[in-house]
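Colleague: return atomic coordinates for the entry below.
(one chain, ligands or ions: 1)
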Amino acid sequence: MKKHAASCPVCGVGELQDRQVFEPFEYKGQRKELLCHFAECDACGVEQAGPEHTLANKRVMLAWRKQVDDLLSGAQIRRQRQMWGITQAQASAIFGGGPIAFSKYEKDDIAQSEAMDRLLRVAAAVPEAFEWLVERSGLPELRPRAVFMPSPRFMSHIPQVSVSVRQHELASSHELRLGAATAANDQVYVAGAALLGA
Ligand SMILES: [Zn+2]
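Modeller: Below you'll find the predicted structure:
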């Protein structure tokens with residue numbers, strides 16, 4: 001969170017300083033201390049929450065609710081998407097949920113539905129399911145890189161042009177992710193399944 005240099009609107013003398021404190025919350029019969037963000041005046045001591053604090057608190061709360069509801073966390077979804085080597089927009093095209101759905105899932109701004117959660121888990125656990133979804137997504141450019149997890153023998157059949165284009169996309173969009181996914185081949189799905197099953 002960015003440094004709060006604003007002066008206090010109450011006393012007009014002090015400056016607002018970011019503070020974090022654990023406070024107890026209850027959800028569906030479970031209790032947990034969650035880290036709450038707010039600002040405190042260093043002169044008069046008044047506490048207030050700006051928009052950035054409210055947003056941070058909302059994300060902390062939703063992340064915990066997802067955990068209680070046995071939904072994948074935003075971080076788990078991001079890791080899985082990166083293992084597939086796809087962008088957030090591509091993930092939305094493959095799994096549905098609207099163009100900014102994955103951005104919101106991964107930041108814990110919204111919780112994915114139970115149906116979406118199960119779809120992601122099945123795609124992570126069953127390579128053919130992910131392949132089937134990609135086939136239907138209308139993103140044919142994804143098929144060679146994310147779906148087949150090609151063996152070296154398969155790679156030798158891919159035209160050189162196609163390979164270099166993919167590597168270029170790789171470098172320009174998400175650094176090493178796709179490279180790692182391509183190199184790891186079969187292990188990607190194993191790792192994905194292990195992650196989501198954990
Ligand atoms: Zn003050």
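Colleague: and the helix of greatest length in the chain, what's buried?
Modeller: Ordering each helix of the chain by length in residues (DSSP state H) puts helix 51-68 first. Neighbour counts using 16 or more other Cβ atoms under 10 Å place 53, 56, 57, 60, 61, 62, 63, 64, 65, 66 of helix 51-68 among the buried residues. Where you see a C-beta, it was placed from the backbone N, CA and C, and this is true even at glycine.
Colleague: pLDDT of it, averaged?
Modeller: In this model, helix 51-68 has an average pLDDT of 96.
Colleague: rewinding a little: which of the buried residues of helix 51-68 sits closest to the ion?
Modeller: residue 53 (16.1 Å; Cβ to the ion).
Colleague: give me the number of residues near the nearest residue in space to the closest one that is not next to it in sequence?
Modeller: Of all residues beyond its chain neighbours, the one nearest residue 53 is residue 37 (4.2 Å), with distances taken as Cβ to Cβ, 6 or more residues apart in numbering. Here the number of neighbours of residue 37 (other Cβ atoms under 10 Å) works out to 19.
Colleague: what comes up buried for the helix or strand harbouring residue 37?
Modeller: Per DSSP states H and E, residue 37 falls inside strand 30-41. For strand 30-41, the neighbour count (16+ other Cβ under 10 Å) marks 36, 37, 38, 39, 40, 41 as buried.
Colleague: quick check: mean pLDDT across that strand?
Modeller: 96.
Colleague: within the sheet, what are the partner strands of it, with directions?
Modeller: Partners of strand 30-41 in the sheet, by DSSP bridges, are strand 16-27 (antiparallel), strand 47-48 (antiparallel).
Colleague: let's have those strands in CSV, adding mean pLDDT and mean neighbour count.
Modeller: Shown next, in CSV, are the strands paired with strand 30-41 (pLDDT from 0 to 100; neighbours: other Cβ atoms under 10 Å):
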stretch, mean pLDDT, mean neighbour count
strand 16-27, 96, 13
strand 47-48, 94, 13
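Colleague: just so I know, which of these lies nearest the ion?
Modeller: Nearest of the strands paired with strand 30-41 (Cβ to the ion): strand 16-27, 7.8 Å.
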